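> Take this sequence and fold it.
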Amino acid sequence: MIHKIADSVALALPRLADGATVMVGGFGTAGIPNELIDGLIAQLVESGARDLTLVNNNAGNGDAGLAALLATGRVRKIICSFPRQADSHVFDALYRAGKLELELVPQGNLAERIRAAGAGIGAFFTPSGYGTDLAKNADGSAKETRKINGKDYVLEFPIHADLALIKAERGDRFGNLTYRKAARNFGPVMAMAAKHTVASVFDIAAAGELDPEHIVTPGIFIHRIVKIPRVATVAGGFKAA
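As a prediction, the model looks like this:
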């Protein structure tokens with residue numbers, strides 16, 4: 001019988017090898033699976049996995065979540081579209097010290113490169129980045145370009161991951177997921193692009209309770225789900241995103 005509910009974050013996370021690629025859902029602070037990130041940090045301290053590549057839209061805020069993951073020193077490279085803002089001091093310090101590589105990707109390209117991995121697409125041409133430094137490889141060489149119907153395009157390749165950590169609203173024992181508003185963001189495409197996907201949820205639905213028309217991520221893409229508490233805010237609302 002399919003049963004993908006894990007009793008704890010530690011039991012849900014697979015062991016990572018050196019050089020693994022980890023995708024983390026979230027857009028700014030919306031949809032960040034902080035509990036899963038904390039669990040991964042604990043595992044890294046114990047296992048010693050290093051030289052990770054981190055894929056996210058941002059590069060961390062303040063000292064928690066992604067910033068805390070970067071602060072472990074276990075991440076060699078980050079692929080994102082918006083790495084720097086007022087409180088991204090952890091990223092700034094590591095990058096300026098030459099301890100962290102950055103691959104800057106336009107946001108639409110980032111989403112499409114992740115989606116392409118899950119869809120089995122070998123590569124695709126996009127106009128975004130053409131004629132800029134973003135149309136260069138890490139070694140400075142030019143990416144392949146092509147003119148299609150009179151418009152210039154750049155060749156981009158999919159981003160695959162060994163592990164994806166995402167945050168959803170509800171899930172069932174089959175791994176089917178629904179999301180809450182903007183907290184959805186990169187979660188669905190990251191789930192498809194990873195060899196192993198773990199999702200945190202606020203609520204576990206009974207088998208058959210989720211309306212099939214409302215399921216965004218089918219359970220076939222999810223390996224483990226973990227229920228986390230919905231923490232009340234000072235104003236009496238909920239940190240649901």
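> In this structure, what residue spans correspond to helices?
9-12, 34-47, 66-71, 89-96, 107-119, 187-193 (DSSP state H).
> Pick the most buried one from those helices.
Greatest average neighbour count among the helices of the chain goes to helix 187-193 (a mean of 26), per mean count of other Cβ atoms under 10 Å. Where C-beta positions appear, they are placed from N, C-alpha and C, glycine not excepted.
> For that helix, enumerate the helices and strands it packs against.
In this structure, helix 187-193 packs against strand 21-24, helix 107-119, strand 161-167, strand 194-201, with contacts taken as 3 or more Cβ pairs under 8 Å, 6 or more residues apart in numbering; DSSP states H and E.
> and with 10 Å instead?
Contacts defined by 3 or more Cβ pairs under 10 Å, 6 or more residues apart in numbering; DSSP states H and E place helix 187-193 against strand 21-24, helix 107-119, strand 161-167, strand 177-178, strand 194-201.
> residue contacts, Ala12?
Counting by Cβ atoms under 10 Å, 6 or more residues apart in numbering, Ala12 makes contact with 4-6, 36, 39, 165, 196, 198-200, 223-226.
> Recalculate using a threshold of 7 Å.
By Cβ atoms under 7 Å, 6 or more residues apart in numbering, the residues touching Ala12 are 6, 198, 224, 226.
> With Ala135 instead?
Each residue near Ala135 by Cβ under 7 Å, 6+ apart is listed here: 129, 142-143, 145, 154.
> Next, the distance between the ends of stretch 140-147.
Terminal residues of stretch 140-147 are spaced 21 Å apart (Cα to Cα, to the nearest Å).
> related to what we said a few turns ago, could you flag which of the contacts of Ala12 are buried?
Among those, those buried by neighbour count (16 or more other Cβ atoms under 10 Å) are 6, 198, 224, 226.
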